[in-house]
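Trainee: Need a 3D model of the following:
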Amino acid sequence: MGLKEKIKSNEKLKKLAHWSILIPKQARPRLWVRWFVNPFIHKKGKGAKVRRRTRIDVVPWNKFELGSGSTIEDFSAINNGVGDVFIGDRTRIGLSNTIIGPVKIGNDIRLAQNITVSGLNHDYQDVTRPIHEQGVSTSTIVIEDGTWLGANVVVVAGVTIGKNCVVAAGSIVTKDIPSYSVVVGNPARVIKQYNEETKTWEKV
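Mentor: Numbers count the residues shown, from 1 in each chain. A predicted model of the protein is given here:
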């Protein structure tokens with residue numbers, strides 16, 4: 001049995017490992033993890049930039065990848081505590097975005113300001129206990145190549161947004177969006193879609 005399996009199978013060792021990596025009662029990794037562990041585990045492509053005021057709360061037991069030529073702007077928060085976060089090439093994560101894994105963001109994508117993309121939901125079955133004590137469930141969000149999300153968009157867990165879509169500012173995306181679509185509203189709905197046969201945009 002390897003070290004990882006031994007830690008997972010022993011509750012006391014698991015708690016000790018968790019305490020040594022994460023600051024108690026916070027979602028932030030300890031400084032030694034950020035400085036001496038994460039840079040050797042997580043991948044950052046050539047020319048990728050993470051602005052100084054960005055909060056990168058990534059832990060070593062899940063993956064975080066930032067593709068070549070991509071940027072994460074100031075005041076954003078990235079968290080892979082409960083699921084991997086993959087960001088492709090030439091993608092820009094705008095100011096004050098929150099991205100919580102599991103999330104797969106493709107290439108040549110633009111996220112404007114104040115966007116929330118969260119593959120996490122808090123469980124709520126027992127009304128006698130606080131919600132924060134009841135654990136979480138996850139479902140991967142996928143945003144495919146070439147898509148643009150406007151300011152203040154929210155994408156909920158489990159949603160796939162297809163290629164080359166435009167999601168209008170303020171939209172709440174609660175279900176899958178087909179490729180080459182323009183969507184708007186709460187909940188977001190397709191109002192226009194590209195017809196590949198006629199090579200024209202059609203209202204839906």
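Trainee: Any idea how many residues pack against the closest residue to R53 other than its chain neighbours?
Mentor: With C-beta to C-beta, 6 or more residues apart in numbering as the criterion, R53 has its nearest non-adjacent residue at 4.0 Å, and that residue is D74. C-beta coordinates here come from the backbone N, C-alpha and C atoms, glycine included. By other C-beta atoms under 10 Å, the residues close to D74 number 13.
Trainee: SS state for D74?
Mentor: Following DSSP: H, G, I helix; E, B strand; the rest coil, the label given to D74 is coil.
Trainee: Please verify my assumption that it contacts V50.
Mentor: No - here D74 does not reach V50: they are 9.7 Å apart, not a contact under C-beta atoms under 8 Å.
Trainee: following the longest helix belonging to the chain, which helix or strand shows up next?
Mentor: When every helix of the chain is counted residue by residue (DSSP state H), the longest turns out to be helix 11-21. The helix or strand immediately downstream of helix 11-21 is helix 31-36, counting by DSSP states H and E.
Trainee: which of the residues in the helix or strand following that following helix are buried?
Mentor: Using DSSP H and E, the next helix or strand after helix 31-36 towards the C-terminus is helix 38-41. Neighbour-count burial for helix 38-41, counted by 16 or more other C-beta atoms under 10 Å, picks out N38.
Trainee: report the longest strand in the chain, please.
Mentor: Across the chain, the longest stretch assigned as strand under DSSP state E is strand 189-195.
Trainee: That one pairs with which strands?
Mentor: Counting by DSSP bridges, the strands paired with strand 189-195 are strand 181-184 (antiparallel), strand 200-203 (antiparallel).
Trainee: Flag the shaky bits of the protein, pLDDT-wise.
Mentor: Regions of the chain meeting the criterion pLDDT under 70 cover residues 1-4, 7.
Trainee: Nearest residue to the middle of this structure?
Mentor: I99 (3.5 Å; C-alpha atoms, centre = their mean).
Trainee: what helix or strand is it on?
Mentor: strand 98-100.
Trainee: Without its sequence neighbours, what residue ends up closest to P178?
Mentor: G162 (5.1 Å).
Trainee: re earlier: mind giving me the packing neighbours of the strand holding I99?
Mentor: With contacts defined as 3 or more C-beta pairs under 8 Å, 6 or more residues apart in numbering; DSSP states H and E, strand 98-100 has these neighbours: strand 77-79, strand 85-87, strand 116-118.
Trainee: Run through who's touching the longest strand of the chain.
Mentor: Here strand 189-195 makes contact (C-beta atoms under 8 Å, 6 or more residues apart in numbering) with 164, 177-178, 180-184, 200-204.
Trainee: ok, and for it, which residues are buried?
Mentor: Q193, Y194.
Trainee: List only those of the contacts of strand 189-195 flagged as buried.
Mentor: Judged by 16+ other C-beta under 10 Å, buried ones among the contacts of strand 189-195: I177, Y180, S181, V182, V183, V184.
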